[in-house]
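Visitor: mind folding the following:
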Amino acid sequence: MAGVMDGMEELFGYNRENFMFDRKMRQEREYQEQDMRVKQFMLYREDVRDLTELTTSKMDSYLMIAMLELGCCLDLLVHGVLHVEKTEDLGDAPSWLLWLYVISLAEAFVYLFLSAWLAIHASVSAHSFCVRLLTQFVRLPLPSKRQLDAATAAGTDYENSDTQELLRVPIWQKQAERIGSAPASRPVDADAPDQTGVAVAGLALAQGANPTTALKHVRLYRDLQSNWQ
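Guide: Numbering: from 1, shown residues only. Next comes the predicted model:
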């Protein structure tokens with residue numbers, strides 16, 4: 001009788017150690033997954049900033065050139081003097097040439113003003129929609145209290161297991177189940193790429209598409225580009 005009790009005590013202690021080890025590994029895996037998910041969304045946020053920077057830097061370059069040419073047109077329109085060589089046959093410069101000169105400068109002034117205004121509009125729109133994406137769509141997936149509680153474990157959880165798990169005989173029981181069961185299906189390679197087309201936290205990938213261009217935050221940014229293009 002004492003030997004049976006000692007054996008049951010050893011089985012109980014062995015299974016409890018296995019239970020606590022598995023729970024610890026599960027907890028570390030959950031925390032690692034949460035950390036990787038946060039880092040992934042940090043990369044997504046950097047993608048949004050980089051895409052916005054492409055527009056704003058280009059518009060700032062256009063704006064500088066447009067303002068420089070606008071200043072030149074304004075200076076010629078206000079202080080410019082039309083120099084025409086005076087000859088005995090032509091006399092003074094014809095009035096139509098002066099009007100052509102003024103109208104050409106005025107048209108250039110209007111087009112350059114519109115160019116500068118649209119460049120400012122595109123830059124401001126890109127900035128505002130970048131802020132909207134970062135604050136409403138591409139937020140860091142911080143774990144909730146419920147998720148943190150689900151990742152934790154207590155020693156009393158082992159006591160809620162059934163008797164078969166509490167006194168499970170190591171090795172023998174698993175080997176008996178493996179021999180008695182049907183041939184297992186082909187194991188799934190954990191390192192193989194995900195074929196479901198779903199990324200972390202619901203950022204879905206389109207089947208057969210480029211994984212980068214099909215990300216949700218990239219598609220949202222392309223939809224928002226219609227506001228300034």
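
Visitor: restricting to C-alpha, output stretch 7-21 in PDB.
Guide: The C-alpha trace of stretch 7-21 is given here as PDB (Å, rounded to 0.1, in the frame of the first residue of the first chain):
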ATOM      1  CA  GLY A   7       3.900   5.900  -6.900                       C
ATOM      2  CA  MET A   8       0.800   8.100  -7.000                       C
ATOM      3  CA  GLU A   9       2.700  10.900  -5.200                       C
ATOM      4  CA  GLU A  10       5.500  10.700  -7.800                       C
ATOM      5  CA  LEU A  11       3.000  10.800 -10.600                       C
ATOM      6  CA  PHE A  12       1.200  13.700  -9.100                       C
ATOM      7  CA  GLY A  13       4.400  15.700  -8.600                       C
ATOM      8  CA  TYR A  14       5.700  14.800 -12.100                       C
ATOM      9  CA  ASN A  15       2.500  15.900 -13.800                       C
ATOM     10  CA  ARG A  16       2.300  19.000 -11.800                       C
ATOM     11  CA  GLU A  17       5.800  20.000 -12.800                       C
ATOM     12  CA  ASN A  18       4.900  19.300 -16.400                       C
ATOM     13  CA  PHE A  19       1.700  21.400 -16.100                       C
ATOM     14  CA  MET A  20       3.600  24.400 -14.600                       C
ATOM     15  CA  PHE A  21       6.400  24.100 -17.200                       C
END
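
Visitor: just the CA atoms of stretch 30-37, as PDB, please.
Guide: C-alpha atoms of stretch 30-37 as PDB (Å, rounded to 0.1, in the frame of the first residue of the first chain):
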ATOM      1  CA  GLU A  30       1.900  34.800 -25.400                       C
ATOM      2  CA  TYR A  31       4.100  37.700 -24.200                       C
ATOM      3  CA  GLN A  32       6.500  37.200 -27.100                       C
ATOM      4  CA  GLU A  33       3.600  37.200 -29.600                       C
ATOM      5  CA  GLN A  34       2.200  40.400 -28.100                       C
ATOM      6  CA  ASP A  35       5.600  42.000 -28.300                       C
ATOM      7  CA  MET A  36       6.000  40.900 -32.000                       C
ATOM      8  CA  ARG A  37       2.600  42.200 -32.800                       C
END
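
Visitor: what average pLDDT does that stretch get?
Guide: Averaged across stretch 30-37, the pLDDT comes to 87.

Visitor: before we move on, what about stretch 133-141?
Guide: Stretch 133-141 shows a mean pLDDT of 84.

Visitor: that one: end-to-end distance?
Guide: 14 Å (C-alpha to C-alpha, to the nearest Å).

Visitor: any low-confidence regions in this protein?
Guide: By pLDDT under 70, the weakly predicted segments of the chain are 4, 6, 81-93, 155-160, 162-167, 169-176, 181-214, 227-229.
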